[in-house]
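>>> Using only what follows, build the 3D model:
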Amino acid sequence: MVKDAPPRWDRRMQQRLARGEAAALGELYDRFAALVHSQAHRMLEDEDAADQVTREVFGHVWEHPDAYDPRNGSMRSWVARLTHREAVRRLRAARGADDTDERDDELEQRVLHATAAARADYIVASMPAPLRAALELAYIQRRDYRQTAADLGVTGDEARRRLRLGLQLLSTADARTPAGSSPPGHGPAS
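This next block holds a predicted model:
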């Protein structure tokens, strides 16, 4: 398999969407709607606006499946970029065309924070249940690794391993990047 080739699921999904298979859109929606809505809600801080962005993103995917370019990343990252773009467009429209540089910096920080938070949500939801359970016990229920191990019925070393791996996965959600580059997993704009 070529290193930069998109996953098989992404290629099949694009082909199905291009053929106009409504079931493909439903499958894509089931897979990514929570990510889209969460990212839009965090950026816009408005439930109705997040619902509208979600509809617009999936409408765009349905109408323009060939706009997805596998060379720019996965189908998931493309959908996340569409969400990001639409939410930013809405934020800028709400603030008016005469934003100052200071407001642009504030907007960029808000967008980066929201993107990292949405990624973290997606990572936690996608991680294996044993890692997620360990993180929930340690960080939501405030248990130390010994209590976490006892609650999970594993050794202390295994609880520490799960927590360390879970935190390593979550650390990839940090959207702070050098100027001019995209947040992790978002690749160049398509």
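>>> what's the spacing between the residue most central in space within the chain and Leu28?
By Cα atoms, centre = their mean, the chain has its centre lying nearest to Arg119, at 3.9 Å. Note on Arg119: its distance to Leu28, by Cβ to Cβ, to the nearest Å, is 18 Å. The way it works is simple: take the backbone N, C-alpha and C, and place the C-beta from them, glycine included.
>>> Low-confidence stretches in the chain?
1-6, 96-104, 107, 173-190 (pLDDT under 70).
>>> could you point out the longest helix in the chain?
Scanning the chain for the helix with the most residues, using DSSP state H, yields helix 101-126.
>>> What residues sit buried inside that one?
107, 110-112, 114-124 (16 or more other Cβ atoms under 10 Å).
>>> What helices and strands are in contact with it?
Helix 101-126 sits against helix 22-44, helix 75-95, helix 129-135, helix 156-171, with contacts defined as 3 or more Cβ pairs under 8 Å, 6 or more residues apart in numbering; DSSP states H and E.
>>> Just put these in JSON lines and tack on mean neighbour count and distance to Arg8.
Shown next, in JSON lines, are these (neighbours: other Cβ atoms under 10 Å; distance: least, Cβ to Cβ, whole Å):
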{"stretch": "helix 22-44", "mean neighbour count": "18", "distance to Arg8": "14"}
{"stretch": "helix 75-95", "mean neighbour count": "19", "distance to Arg8": "11"}
{"stretch": "helix 129-135", "mean neighbour count": "18", "distance to Arg8": "25"}
{"stretch": "helix 156-171", "mean neighbour count": "16", "distance to Arg8": "23"}
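>>> Make TSV out of these and add distance to Val53.
Shown next, in TSV, are the helices and strands packed on helix 101-126 (distance: least, Cβ to Cβ, whole Å):
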stretch	distance to Val53
helix 22-44	4
helix 75-95	5
helix 129-135	27
helix 156-171	25
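>>> Ok, which of these comes nearest Tyr68?
For Tyr68, the closest of those is helix 75-95, at 5.0 Å, according to Cβ to Cβ.
>>> Can you spell out which helices and strands pack onto that closest one?
Packed against helix 75-95 by the contact rule (3+ Cβ pairs under 8 Å, 6+ apart) you find helix 8-18, helix 22-44, helix 47-63, helix 101-126.
>>> Let me see the domain layout of this protein.
What automatic domain parsing lists as the domains of the chain is 1-125, 127-179.
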